[in-house]
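Asks: this is the structure alone, sequence omitted:
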């Protein structure tokens, strides 16, 4: 520990580890609350749930805005989780990079689709 | 580096098919690896989740298509496959949510004893599998 320069320098301290760890927990909490918000509306709707009631849950402006925020929570959360999986199990840098790029494209594409569905409601 | 640190055994080139199944995981370890697996399943099935969101909220017509997918199938995809994938999603979501709440509880209360780790892991497995069974029965029309 005494030598901390040159090739012996300990390369830590960027704090992205803590940031992502915290972000994953905060986004998880938000998604859990969102689940509760949707679930309560489903449970407390009267009668059978058909198209009108189901689509009606997502049609108010506040619900659209909330769902929009949750979509971003989701892709950030999944990005951290999938990146952890690739970092743990995939050792060759080239394969890992390809998988990480695939993850980004997959998530951003899915988010775009979900947002499109949401705003044309 | 101290002498003690030098003597730590190294496990390299672990074979996923011959070595991993021989490891006996404690309940907390099972919950942990299932947390990963359930997360990966939901990541891969994300387009299915959004497709279900799309067809179920977009219009009366698409809602009917959504319902029909689970009863008659859609295109080349048979109905049983839709039901099976959604069952996988139900389990994945429940396990991931409950194991995640366990994580948050442990993080915020520092409940990191061996006993709590085990009892909460068993509770997580019991709750997620029990709720999956209850909702799966609903999915397959048992009630």
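Replies: Perfect, thanks for sending it. Predicted, not measured: the structure shown is a model, and the values here were computed from it. Numbering: from 1, shown residues only, chains lettered A, B, ... in the order given.

Asks: okay, now residue 62: neighbour count?
Replies: Just going to use chain A. 7 (other Cβ atoms under 10 Å in any protein chain shown). (Glycine included, C-beta is placed from N, CA and C.)

Asks: sorry, should have said chain B
Replies: Residue B:62: 15 surrounding residues under other Cβ under 10 Å.

Asks: that one belongs to a strand, doesn't it?
Replies: No: Residue B:62: not assigned to a strand; according to DSSP: H, G, I helix; E, B strand; the rest coil it is helix.

Asks: spit out the contact partners of it.
Replies: By Cβ atoms under 8 Å, 6 or more residues apart in numbering or on different chains, residue B:62 lies in contact with B:54-56.

Asks: for chain B, which spans come out with low pLDDT?
Replies: Applying pLDDT under 70 to chain B flags the ranges B:1-6.

Asks: and the residue of it nearest chain A?
Replies: Per Cβ to the nearest Cβ, residue B:63 is where chain B lies closest to chain A, at 4.0 Å.

Asks: residues in contact with stretch A:68-79: which ones?
Replies: Residues from elsewhere that reach stretch A:68-79, judged by Cβ under 8 Å, 6+ apart: A:23-24, A:26-28, A:30-31, A:34, A:103-104, A:107-108, A:110-111, A:114-115, A:118, B:39, B:42-43, B:46.

Asks: which ones are touching residue B:104?
Replies: By Cβ under 8 Å, 6+ apart, the contact set of residue B:104 is A:25, A:28-29.

Asks: what is the distance between the one helix or strand it maps to and the centre of its chain?
Replies: Secondary structure assignment for residue B:104, by DSSP states H and E: helix B:79-109. Distance of helix B:79-109 from the chain centroid (Cα atoms, centre = their mean, to the nearest Å) equals 4 Å.

Asks: so what secondary structure elements neighbour the helix or strand residue A:21 falls within?
Replies: If you go by DSSP H and E, residue A:21 is part of helix A:16-43. Contacts defined by 3 or more Cβ pairs under 8 Å, 6 or more residues apart in numbering or on different chains; DSSP states H and E place helix A:16-43 against helix A:51-58, helix A:61-89, helix B:79-109.

Asks: residue in chain A with the shortest distance to chain B?
Replies: residue A:51 (4.0 Å).

Asks: quick check: ChimeraX command selecting the buried ones in the contacts of stretch A:68-79.
Replies: A single ChimeraX command selects the buried members of the contacts of stretch A:68-79 (16 or more other Cβ atoms under 10 Å in any protein chain shown):
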select /A:23,24,27,28,30,31,34,103,107,110,111,114,115,118 /B:39,42,43,46
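
Asks: who's in contact with the closest residue in space to residue B:122 that isn't next to it in sequence?
Replies: The spatial neighbour of residue B:122 that comes closest, neighbours along the chain excluded (Cβ to Cβ, 6 or more residues apart in numbering or on different chains), is residue B:27 at 5.2 Å. Counting by Cβ under 8 Å, 6+ apart, residue B:27 makes contact with B:118, B:121-122, B:125.

Asks: on that earlier part again, let's have the contacts of residue B:104 in CSV, adding pLDDT and distance to residue A:42.
Replies: CSV is the format used below for those (pLDDT from 0 to 100; distance: Cβ to Cβ, whole Å):
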residue, pLDDT, distance to residue A:42
A:25, 95, 26
A:28, 96, 21
A:29, 96, 21
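
Asks: quick check, nearest of those residues to residue B:98?
Replies: Closest to residue B:98 out of those is residue A:28 (11.7 Å), distances taken as Cβ to Cβ.

Asks: doesn't residue B:99 make contact with the closest one?
Replies: No: using Cβ atoms under 8 Å, residue A:28 is not in contact with residue B:99, being 10.4 Å away.

Asks: how many other residues sit next to residue A:43?
Replies: For residue A:43, the neighbour count with other Cβ under 10 Å is 8.
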